Structures are given as C-alpha cells and as structure tokens.
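Asks: no sequence for this one, just the structure:
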C-alpha cells in the first residue's frame with residue numbers, strides 16, 4: 001500500500017486536467033501541418049502542369065484534379081492527427097470549424113461552374129483563393145491562432161488575383177495553394193505537433 005499523494009499534488013493534477021479540457025473544448029487542434037505542406041508541394045506541381053495546358057478547360061481539369069488530391073491528403077492527415085491528439089472531428093470545435101469552412105467551399109464550387117460556363121476563366125484563381133481563405137478565417141475561429149492568419153494571407157493573394165492581370169492567375173495559385181501551404185504547414189507542424 002502506498003501513501004496518499006499530498007493534497008497540493010492532486011490539486012495541481014486536477015488544475016492541469018481542467019485547463020487541458022477547456023483548451024480542447026475551445027479550439028480544434030487537429031490541423032495537420034505536414035499535411036498542409038504536402039498539399040503545398042502537390043499544388044506547385046499542379047501549377048507547373050496547368051501552365052502547360054493549351055486550353056482553359058484542360059487548365060481547369062488540372063486544378064480540379066489537384067483539388068481532389070489536396071482533399072485526400074488534407075482529410076486523411078487531419079483524421080490521423082485528430083486520433084493522435086484525441087481531438088474529436090464531429091463534435092465540439094471540430095464540428096464548428098468544419099461547418100464554418102463548408103459554406104465558402106460550397107460557394108467556390110458553385111462559382112466555378114458559373115464562371116467556367118460564362119467563359120470567365122480569369123476570375124477563377126482569385127475566386128478560389130479568396131473563398132478558400134475566407135473558409136480558413138471563419139473555420140479558424142475554432143482552431144489554433146495561426147489558421148485565421150493563414151486564411152487572411154490566402155484572401156490577400158486572392159484579391160491580387162482578382163484585381164491583377166489575368167496572366168498572373170496561375171502563378172498566384174502557385175504562390176497561394178503552393179507557397180502559403182508550405183510555409184504555414186511547416187509553422188503548424190513545428191508549433192502544434194505535426
């Protein structure tokens with residue numbers, strides 16, 4: 001039989017447990033830094049491939065293919081990190097972050113259809129970057145502090161793409177979806193555990 005632990009040790013353990021529980025209840029911490037970096041690397045490859053496409057339709061197909069690849073990478077690494085840090089995806093902050101991210105992504109999908117039907121290919125890069133950033137600003141309100149900052153950076157690049165010359169579009173996509181994912185992914189991985 002062991003001697004009971006001193007009261008102050010038990011109190012400190014209880015306070016630590018309460019603090020960790022409150023932090024988890026308030027923010028979604030399963031944002032995958034290395035997954036974001038991998039998405040950035042595939043986006044750079046997609047930008048190079050898209051730049052070589054002879055038609056706007058093939059350019060769009062290249063980027064839509066990248067979106068599927070990015071979704072698979074981001075989704076699988078987020079699920080893996082959520083399980084590793086015991087952060088539920090479908091309740092609490094995870095659900096709120098997802099529900100806040102979803103409307104801008106749906107709007108982006110619908111605008112993609114409308115803009116491509118209208119032949120306004122030059123508006124797609126800015127629209128995608130701006131709405132993607134908006135999703136991370138709103139969803140990031142329930143996540144770690146760096147996520148909304150990343151969203152604001154995407155929104156800035158998106159605004160430049162919308163207002164700048166059309167020939168910048170693909171390279172701003174590379175800067176945003178490639179460069180920003182690489183930079184912020186490394187920061188998130190380093191500061192927030194992978």
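Replies: Perfect, thanks for sending it. Predicted model only: the values in this text are computed from it and were never measured.
Asks: ok, now which ones touch residue 112?
Replies: 60, 124, 127, 128 (Cβ atoms under 8 Å, 6 or more residues apart in numbering). C-betas here are computed from N, CA, C, even on glycine.
Asks: Let me know the closest of the residues you listed to residue 77.
Replies: Taking Cβ to Cβ as the measure, residue 128 is the one of the contacts of residue 112 closest to residue 77, at 20.9 Å.
Asks: and stretch 85-102, how far apart are its ends?
Replies: Distance across stretch 85-102, first residue to last, is 23 Å (Cα to Cα, to the nearest Å).
Asks: mean confidence for that stretch?
Replies: When pLDDT is averaged along stretch 85-102, the result is 74.
Asks: quick one: that stretch to chain centroid distance?
Replies: Mean-position distance between stretch 85-102 and its chain equals 13 Å (Cα atoms, centre = their mean, to the nearest Å).
Asks: just stretch 171-189 next, same as before
Replies: Here the centre of stretch 171-189 is set off from its chain's centre by 10 Å, with Cα atoms, centre = their mean.
Asks: if we can go back for a sec, for the contacts of residue 112, work out which two are farthest apart.
Replies: 60 and 127, at 12.2 Å, using Cβ to Cβ across the contacts of residue 112.
Asks: buried stuff in stretch 42-61?
Replies: Residues 42, 43, 44, 46, 47, 50, 59, 60 are the ones in stretch 42-61 that count as buried (16 or more other Cβ atoms under 10 Å).
Asks: This protein: helices as residue ranges?
Replies: With DSSP state H applied, the chain shows helices at 7-26, 33-51, 56-84, 93-117, 124-140, 146-163, 169-173, 181-192, listed in chain order.
Asks: for those, which one ends up most surrounded?
Replies: Greatest average neighbour count among the helices of the chain goes to helix 124-140 (a mean of 24), per mean count of other Cβ atoms under 10 Å.
Asks: Find the nearest non-adjacent residue to the residue positioned nearest the centre of the chain, please.
Replies: For the chain, the residue nearest the mean C-alpha position is residue 136 (6.0 Å; Cα atoms, centre = their mean). Leaving aside its sequence neighbours, residue 136 sits nearest to residue 151 (Cβ to Cβ, 6 or more residues apart in numbering; 3.1 Å).
Asks: Distance check, the one you found against residue 35.
Replies: For residue 151, the distance to residue 35 equals 16 Å [Cβ to Cβ, to the nearest Å].
Asks: and what of residue 153?
Replies: For residue 153, the distance to residue 35 equals 18 Å [Cβ to Cβ].
Asks: now swap in residue 108 and tell me
Replies: 20 Å.
Asks: next one: residue 141
Replies: Separation of residue 141 from residue 35 (Cβ to Cβ) stands at 20 Å.
Asks: where in the chain is pLDDT low?
Replies: For the chain, the stretches with pLDDT under 70 are 1, 18-30, 87-91.
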